[in-house]
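1. Sharing a model that was predicted from the sequence below.
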Amino acid sequence: MAKPAEVSTESPVLETERPPQQASLPKGVTGLATWADDRLGLASLLKKNLRKVFPDHWSFLLGEIALYSFIVLLLTGVFLTIWFKPSMAEIEYQGSYQLMRGLPMSEAFASTLALSFDIRGGLLVRQIHHWAAMLFVAAMTVHMLRIFFTGAFRKPRELNWLIGVGLFSISLIEGFAGYSLPDDLLSGTGLRFVDGLIRSIPLVGTWVEFFAFGGEFPGELIIPRLYMVHILLVPGLLLGLIAAHLALVVYHKHTHYPGPGRKDGNVVGYPLFPVYTAKAGGFFFVVFGVSILMGATMQINPVWNFGPYNPAQVTAGSQPDWYMGWVEGAIRIMPNWEWHLGSTTWSWNVFLPGVGLMTALFVLLGLYPFVEAWITGDKSEHHVLDRPRNAPTRTALGVAGMTCYAMFWLSGGNDILATQFKLSLNAVTEFMRVAVFVAPVIAFIVTKRICISLQRADTERVLHGSETGIIERAPDGGYSEPHKPISIDEKFTLTQHKQLKELTSAPATDSHGVAEQGAGVGRLRALLSRWYLAGVITKPTAEEIVEADHHANGHELEEGHRHDDGDVPADPAGREVTH
Amino acid sequence: MSIETHKPEGTDLERFPVPDPGIEEHIERWTDADADAGNRAYRQVLMMLGAVPVLAIVFVVLYFALPRNSFVDIFGMEFDATTFLLGLTGGLATLLIGIACIHWAKTIMGDEEIAEDRHAAASPPEAREVFAAEFAKGAEQSGLGRRKLIGGALGGALGVIAVPAVVLLADMGPWPTSAVRKETIERTIWAEGVKLVNDITRRPIRASEMEIGQLVNAQPENLWEHHGADFQVEKAKSSIIIVRMDPSRIKIPESRQDWQVGGILCYSKICTHVGCPISLWEQQTHHLLCPCHQSTFDLGDSGLVVFGPAARALPQLPITTDADGYLIARSDFTVPVGPSFFERDSNGDFKEGDR
């Protein structure tokens, strides 16, 4: 929380003249609007939603970045399909890239080279497309973290969280299918990896492999099939899920951060028309513009350096796009466990870190809102976001999850770590085998302590104000630092959160014989509830705050005011009236 | 429906120890208070939007005027001129539209925060009652109450109709039955008498040409009889590496003594982990490292795994020399190459006493 904001009240008084507001629309607009409304009845729909309020915060833009980069992907993708040939038929390259003239390669790779060298703007669009894909997944990931840490997944938004997890998981498939299409050496290596991954599935692995590839790896069907997945199947699913995701955002109205006037029963911000139309619409162009500039200046996936796919070649340092790095890492550090039962082989060394880990992540993400609600017994609707410190266990779990992901992700570059830091590759790998389990535990403990300390600091701030940085010497020679009370707005912000109560397994009734809420639950649930709320600082009560205020009044500083020029009378809310 | 959202808020001292002071008062922006600042913001928005057509025209001119294969040098880096300049003009134009709109919203549009009431996500109880009544009417009308079997029959029919749809996919690939596996993933084009040839020059390799410590990437001579997808499929299985090691410094099991020629051993190049081609050769330790996931195999010890996620030893190709001293295969690989698969147990790959 920032120090109390000082607001100058001495701005030059300049009354700007405004023409009287007109309620009627310009003539041309009226005509068009009437024509459309006669046919579509839009006015009844828009009268409520035109001025729909959206709250302002930078972290609410993360989801927007994901949405806009998806639109950029659709637009640039259409251009790429005009030229790309999803065929694994072998041809002799005769394009303008001299170094590969006469080489046999697939039509897919040849058309990627043509896009890169012979079609004006082709390379630009290819690079925008790839950068936008990176941005899309990155924005989704960070957006999801924002939702998690602020508790925006709580009732009534659990289903939207599930839609989000669905979007996140199929986006990884979409990205993978996309970067496998050019049929260059790197993407072919990725496909080879997926072939091995599929083959490792117990019982049906070989069957799934033969069905996916139309026979043995690589065959000539996988690229046309992935092309269909990449440009039709998954984008269709993504579009549908995104529409549902946004519809629910509109229905639930956006969450807002705690602050004065922000309640579970309202939403404070700016209207869709005109402010958010301009801001969000403008932001689309910003995301698009930045993607174009990235495509123009930053090389990505230079397939002509890798060459056409050759199953007998690979380059050291081959890695997937960043968002598959954690799976790659898990595959690398997994011990070589394999079972032999009867005449069968169970390749846990590939199946567990590949298919198993991805499934585990998405299942855990999907279950979390329901598990947390069960542990806390909190059945109320939440529209004011949590400050992460006020849910220390959740925040710590989130950071532990991020740490685990980061350890897997780093493992995906164990060879690079070894060469860059002059370490033994084997030592890095073995360290990571332990780190993926130990680092999250450390992260959990540290994060939880930090959250609790921040809660203590909040209580301290509410009761005793902020440090002034002024050291006073008392007549008797002692030194002290006076504290300055914080504004009523900040005090409210720091104390508005809901204090969760521990659930107990003892069947309890109050003095009137009425069953208390949250009592008499199962042992496990009570235990989890205790664990979840362990160490949480109880927020100061109204009495404590009043008493602290009286105490502070003994000192010479004013309290409970937004500004510290104490001559102005305070309004009943304890806030002074400014000019 | 939650009770909490409908309770008057900011009054319960236990829930809210500090009463809600309400939305902060609106503080005028400089652009509202100062006419010059307001006009400046106005001009800035106009200038940004005005630059867009200029950039768009430059884009179009560059598109047609730039010669193919021209480059621009910036900070010592060479950029493809078309990509760089089209991207720069197009990107800036797009970016300026966005920045202009946001600047307009932030400095010129009214910025009074407003509050809008929320409704609970749940429908009001009356709506639920009406819905329940309407649903009951519909259910009654459907006749399902009296003739229950229709529901079950419809559900069953809908479930079963999915079966033909799924069966349609049965031909997505050949079925990997035992016979099919024998002809595909359990077989390569290596056979008795097939010459080992350098994979680039396609020249056969004489045993006498191989020096101790040398590694050669090789293919079967008959690989080039295959074309297109077939070629790739066979190459993905038949790729090999030939290494020559000092026979006195390596372990060769009794049963594999005649698989090698004076310390020249031949292994599959395809990793048994997920199938990357391996060729990072550590000459002194006889280790072969896979660049994809760092599985390490000891070629001086039957290709056993010494590190990493791979679980199976690299398959070894039995070789000998022909009358002219060229390296030839004695047979196909004795075990399938590439990643393990479910239907086959690799425990019997080594004979008793080999390990």
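-> All right, it came through fine.
2. Could you list the domains of the chain?
-> I'll assume chain A. Annotated domains of chain A cover A:61-307+A:318-386, A:468-554 [automatic domain parsing].
3. The chain in question should be chain B.
-> Listed domain ranges for chain B are B:4-107, B:181-343 (source: automatic domain parsing).
4. most neighbours per residue, which of those domains?
-> domain B:181-343 (a mean of 20; mean count of other CB atoms under 10 Å in any protein chain shown). Bear in mind the C-beta positions are built from the backbone N, C-alpha and C, glycine included.
5. Can you tell me which residue of the stretch 201-350 of chain B sits closest to chain A?
-> Closest to chain A within the stretch 201-350 of chain B is B:Val274: 2.7 Å, counting by CB to the nearest CB.
6. still on that earlier bit, mean pLDDT added to the domains of chain B, as TSV?
-> Rendered in TSV, the data for these read as follows (pLDDT from 0 to 100):
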stretch	mean pLDDT
domain B:4-107	90
domain B:181-343	95
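7. what would those domains look like in TSV with distance to A:Lys448?
-> Listed next are these as TSV, based on distance: least, CB to CB, whole Å:
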stretch	distance to A:Lys448
domain B:4-107	24
domain B:181-343	34
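8. Please look at B:Phe342 and A:Thr206 and confirm they touch.
-> Yes. Using CB atoms under 8 Å, B:Phe342 is in contact with A:Thr206, at 5.8 Å.
9. still on that earlier bit, phi and psi next, for the residue of the stretch 201-350 of chain B closest to chain A.
-> Note on B:Val274: its backbone torsions stand at phi -130, psi 10 [degrees, to the nearest 10].
10. same question, the one 3 residues further on
-> Dihedral pair for B:Pro277: phi -70, psi 130, per degrees, to the nearest 10.
11. What's the local residue count around whichever residue of the stretch 101-250 of chain A sits closest to chain B?
-> Residue nearest to chain B within the stretch 101-250 of chain A (CB to the nearest CB): A:Gly196, separated by 2.7 Å. The number of residues packed near A:Gly196 is 29, by other CB atoms under 10 Å in any protein chain shown.
12. Distance from the chain centre to the helix or strand harbouring it, please.
-> A:Gly196 is part of helix A:185-199, with elements assigned from DSSP states H and E. Put simply, helix A:185-199 sits 28 Å off its chain's centre (CA atoms, centre = their mean, to the nearest Å).
13. Show me which residues of the stretch 351-500 of chain A sit near chain B.
-> Contact residues, the stretch 351-500 of chain A versus chain B (CB under 8 Å from any CB of the partner chain): A:353, A:379-381, A:383, A:414-415, A:425-426, A:429, A:462, A:488-489, A:491-492, A:494-496, A:498.
14. Which ones among those residues map onto helices?
-> Counting by DSSP state H, these place A:Asn414, A:Asp415, A:Leu425, A:Asn426, A:Thr429, A:Val462, A:Ile488, A:Asp489, A:Lys491, A:Phe492, A:Leu494, A:Thr495 in helices.
15. Only the buried members of these: can you turn that into a PyMOL selection?
-> In PyMOL syntax, the buried subset of these is picked out as below (16 or more other CB atoms under 10 Å in any protein chain shown):
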select buried, chain A and resi 414+415+425+429+462+488+489+491+492+494+495
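16. Next, show the common contact partners of B:Phe342 and A:Thr206.
-> Common neighbours of B:Phe342 and A:Thr206 are listed as A:Arg199 (criterion: CB atoms under 8 Å, 6 or more residues apart in numbering or on different chains).
17. Work out for me the element whatever residue of chain A ends up closest to chain B sits within.
-> Chain B sits closest to A:Ala296 of chain A, with a gap of 2.1 Å, by CB to the nearest CB. Following DSSP H and E, the helix or strand that holds A:Ala296 is helix A:277-297.
18. ok so, going back, contacting residues for the closest residue to the residue of chain A closest to chain B other than its chain neighbours?
-> Using CB to CB, 6 or more residues apart in numbering or on different chains and skipping the chain neighbours, the partner closest in space to A:Ala296 is B:Gly87 (2.1 Å). With contacts defined as CB under 8 Å, 6+ apart, the neighbours of B:Gly87 are A:Leu124, A:Gln127, A:Ile128, A:Ile292, A:Leu293, A:Gly295, A:Ala296, A:Thr297.
19. Mean pLDDT for the domains of chain A - can I get that in TSV?
-> Converted to TSV, the domains of chain A look like this (pLDDT from 0 to 100):
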stretch	mean pLDDT
domain A:61-307+A:318-386	96
domain A:468-554	86
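20. Give me whichever of those is most buried.
-> By mean neighbour count, with neighbours taken as mean count of other CB under 10 Å, domain A:61-307+A:318-386 ranks first of those at a mean of 20.
21. ok now that domain, how far from the chain's centre?
-> For domain A:61-307+A:318-386, the distance to the chain centre is 13 Å (CA atoms, centre = their mean).
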